[in-house]
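Engineer: here is my input, please return the structure:
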Amino acid sequence: RVVVLVDLHGWTAGHAMDLLAYSPAPVQVSFKGFPGSTGATFIDLLVGDRIATPPEHREQWTEKLLLLPYFYHVNGHWRRFHAPPAKPDADRVVFEERGRQVRIPEHSVLLCSFNRQVKFEPDSWAAWMKVLQAVPGSVLWLLRFDDMAETNLLHAAAQAGVPASRIFVTEPLPADVEHAGKAACDLFLDS
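Structural biologist: Residues are numbered from 1 along each chain as shown. You can find the predicted model right below:
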């Protein structure tokens, strides 16, 4: 018999909210997948922390908040990562990808999004392209998850007047390299 059922998706892809609506367990908990409220009356608790789910805004959640004392979603950020040192030519080398060094000019604005491309909505992508057009020298760093999505995004960028040279798409990187690269990002974009 299931007494406590912990859902790890919320309303994200692959969710089981339709199953949870039948209340298969007396206590149902939302954890990790989405820090916002599910808005579902059949989810009893939401695990969070004082940053992701501030108790002073608890009226925004349909669930009762179960606040962990530190962080509700630990990603190993306790490790120390260092950004690569600046090179004498004043470019900041972010990483090496497919045998080439990816150099971001020191005075450019590095925009980053490490989400899977299926999460990119046309309106968000269009807004990002407007930012790239409006901010001289800005570049966008994405991770490669799907070659067809990459091709389509670069095509959409070209249609918006943004050359492919302003968009870097790399394979997901080893954790130490990824964290060093993240330290070089100026602004993270989410859709």
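
Engineer: please tell me how far the spatially most central residue of the chain sits from Val29.
Structural biologist: Closest residue to the average C-alpha location of the chain: Asn115 at 4.6 Å, with C-alpha atoms, centre = their mean. Separation of Asn115 from Val29 (C-beta to C-beta, to the nearest Å) stands at 25 Å. The C-beta positions use only the backbone N, C-alpha and C, and glycine is treated the same way.

Engineer: how about Leu153?
Structural biologist: Counting by C-beta to C-beta - Leu153 and Val29 are separated by 36 Å.

Engineer: which of the two has more neighbours?
Structural biologist: Between Leu153 and Val29, Leu153 has the larger neighbour count (other C-beta atoms under 10 Å), namely 21 against 18.

Engineer: not counting sequence-adjacent ones, nearest residue to Lys130?
Structural biologist: Of all residues not flanking Lys130 in the chain, Ala160 sits nearest, at 7.8 Å (C-beta to C-beta, 6 or more residues apart in numbering).

Engineer: could you double-check that that neighbour lies in contact with Pro122?
Structural biologist: No. Here Ala160 lies out of contact with Pro122, judged by C-beta atoms under 8 Å, at a distance of 10.8 Å.

Engineer: of those two, give the one with the bigger neighbour count.
Structural biologist: More crowded of Ala160 and Pro122, by other C-beta under 10 Å: Ala160, with 14 against 9.

Engineer: strands of the chain, start to end?
Structural biologist: For the chain, the strands defined by DSSP state E occupy 4-7, 27-30, 45-48, 64-67, 91-97, 100-105, 110-113, 139-143, 167-170, 187-188.

Engineer: can you list those in CSV and add mean pLDDT?
Structural biologist: Formatted as CSV, those follow (pLDDT from 0 to 100):
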stretch, mean pLDDT
strand 4-7, 92
strand 27-30, 94
strand 45-48, 92
strand 64-67, 92
strand 91-97, 59
strand 100-105, 66
strand 110-113, 88
strand 139-143, 89
strand 167-170, 86
strand 187-188, 84
